[in-house]
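# sequence first, predicted coordinates after that:
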Amino acid sequence: MTTTTERSAHVETIPTMPRRKASPRRQWLVYLTLFVTAGLMLLPGIWAVSTSLKRPEDVFSPGSGLIPNPITFDAYRDVFTLIPFGTYLTNSVVVTVVVVVLNVIFDSCAAYVFAKLPFPGRSITFGLLLMTLMIPMQVNLIPLYRMMVWVHGIFPALGADTLSGIIAPSAVQVFGIFLMRQFFLSIPDSMLEAARLDGAGEFAILRRIVLPIAWPAIATLTIFTGLAAWNDFLWPLIVAGSDESRTLPVGLALLSRKNTVNWPETMAGAVVTALPMILAFIFLQRRFIEGLTAGSVKD
């Protein structure tokens with residue numbers, strides 16, 4: 001019989017296949033493909049910035065290219081003067097922050113239950129929950145709006161034409177529960193069992209052990225949820241009836257209507273609206289990628 005040492009020596013002598021290096025021509029082809037793809041993806045944004053710096057009569061004039069001539073910032077000035085931009089911006093920030101916080105709390109709690117707390121019918125319940133992802137948002141618009149009107153009739157500070165009416169339908173999202181559950185499944189059960197033996201409750205385990213480990217998934221959920229809440233247009237358009245409760249995407253639509261589609265002003269508003277989300281992704285992109293790949297490789 002062979003000993004453990006002999007087996008280890010035998011394993012160490014097994015030759016490994018050398019990693020094949022890509023040829024320089026293939027590397028340049030990959031780089032060229034990525035460069036062209038990135039250029040095509042960035043082209044709409046470049047066109048929006050270019051249009052926002054032009055005069056209205058120069059947008060579709062013959063010979064007008066991507067470089068404005070002359071460059072003018074009148075469109076950005078009009079965005080801040082023709083509409084209550086400060087109110088819309090504040091509403092968008094409040095809605096986005098509250099929606100993100102509520103999703104991180106509620107989605108994480110629900111995901112922890114589905115991932116680490118066995119109960120009868122857990123798989124069936126989670127499957128039914130995932131089935132709701134196939135229901136289009138447009139199907140729920142009328143019932144949701146009637147619910148918001150009913151709530152507003154009882155509590156005037158809530159429901160329709162308030163920020164709470166915009167926030168309520170997005171307070172919990174099935175995609176967030178699914179995302180957090182997949183990450184929680186990668187956390188060893190032995191770690192949680194040790195905490196239970198020490199007398200920790202489930203909420204303490206979630207708060208002190210699970211969530212600190214799940215920062216990459218939380219960052220990913222924050223980006224997805226924040227981007228969706230910031231760019232949401234249809235539901236705020238329906239439920240918000242005054243400037244006090246309108247968000248930036250709805251305000252941009254009103255800007256186009258007031259100015260009969262003044263393209264420089266519309267593109268300036270789009271650039272200003274997209275800038276916060278672009279900056280947020282730049283600062284959180286590392287966590288975002290970690291959250292997407294977490295749990296994909298098992299030891």
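Noted; the coordinates are in hand.

# contacting residues for N103?
170-173, 176, 221, 225 (CB atoms under 8 Å, 6 or more residues apart in numbering). Glycine gets a C-beta too; all of them are placed from N, C-alpha and C.

# please, which helix or strand holds the residue most central in space within the chain?
Geometric centre of the chain, nearest residue: F224, 1.4 Å, by CA atoms, centre = their mean. Assigned by DSSP states H and E, F224 belongs to helix 215-231.

# which residues sit in contact with the residue nearest to the centre of the chain?
175-176, 179.

# likewise for I218?
104, 108, 180, 211, 291.

# change it to 7 Å
V104 (CB atoms under 7 Å, 6 or more residues apart in numbering).

# how much space is there between it and V104?
To V104, I218 is 6 Å away according to CB to CB, to the nearest Å.

# same thing with L163?
Counting by CB to CB, the gap from L163 to V104 is 19 Å.

# ok, M134 next?
24 Å.

# those two: which is more packed in?
Between M134 and V104, V104 has the larger neighbour count (other CB atoms under 10 Å), namely 20 against 6.

# show me how far the one helix or strand that one maps to is from its chain's centre.
Using DSSP H and E, V104 falls within helix 85-116. Taking CA atoms, centre = their mean, to the nearest Å, one finds helix 85-116 lying 11 Å from the centre of the chain it belongs to.

# could you point out the helix or strand that follows that helix?
On the C-terminal side of helix 85-116, the nearest following helix or strand under DSSP H and E is helix 122-131.

# so that next one versus helix 85-116, what angle?
150 degrees (axes from the mean of the first three to the mean of the last three CA atoms, to 10 degrees).

# what's the next helix or strand after helix 122-131 in contact with?
Under the assignment DSSP H and E, the closest C-terminal helix or strand after helix 122-131 is helix 141-154. Identification of contacts with helix 141-154 by CB under 7 Å, 6+ apart yields 158-161, 165, 169, 238-239.

# check these against D58 and report the nearest one.
I238 (35.9 Å; CB to CB).

# for that closest one, grab the count of nearby residues.
17.

# also the one 4 residues further on?
Look at S242: counted by other CB under 10 Å, it has 9 neighbours.

# residues contacting the nearest residue in space to it that is not next to it in sequence?
Spatially, and ignoring its direct neighbours in sequence, S242 is nearest to D161 (6.0 Å; CB to CB, 6 or more residues apart in numbering). Residues in contact with D161 (CB under 7 Å, 6+ apart) are 152, 239-242, 245.

# just to revisit the earlier point, pick out the most distant pair among the contacts of helix 141-154.
Distance extremes for those: the farthest pair is L158 and I238 at 16.2 Å, using CB to CB.

# need the three-state assignment for the residue nearest to S242.
In three-state terms, and counting by DSSP: H, G, I helix; E, B strand; the rest coil, D161 is coil.

# okay, now the domains of this protein?
Annotated domains of the chain cover 36-72, 78-293 [automatic domain parsing].

# buried residues in the first one?
In terms of neighbour count (16 or more other CB atoms under 10 Å), domain 36-72 has its buried residues at 48-56, 58-59, 64, 68.

# can you measure across it, start residue to end residue?
End-to-end distance of domain 36-72: 30 Å, with CA to CA, to the nearest Å as the criterion.

# ok now that domain, how far from the chain's centre?
The answer for domain 36-72 is 27 Å, by CA atoms, centre = their mean.

# mean confidence (pLDDT) on that domain, please.
For domain 36-72, mean pLDDT is 86.

# same question for the longest one.
The average pLDDT for domain 78-293 rounds to 87.

# quick one: distance of that domain to the chain centre.
8 Å.

# distance of L192 from I213?
11 Å.

# more crowded one of these two?
Under the neighbour definition other CB under 10 Å, L192 and I213 were set side by side, and L192 has more, 20 against 15.

# helix or strand: which one has the closest residue in space to that one that isn't next to it in sequence?
Leaving aside its chain neighbours, L192 sits nearest to I205 (5.7 Å; criterion: CB to CB, 6+ apart). I205 is part of helix 202-205, with elements assigned from DSSP H and E.

# count of residues packed around F73?
11.

# could you find the closest non-adjacent residue to it?
With CB to CB, 6+ apart as the criterion, F73 has its nearest non-adjacent residue at 7.0 Å, and that residue is L53.
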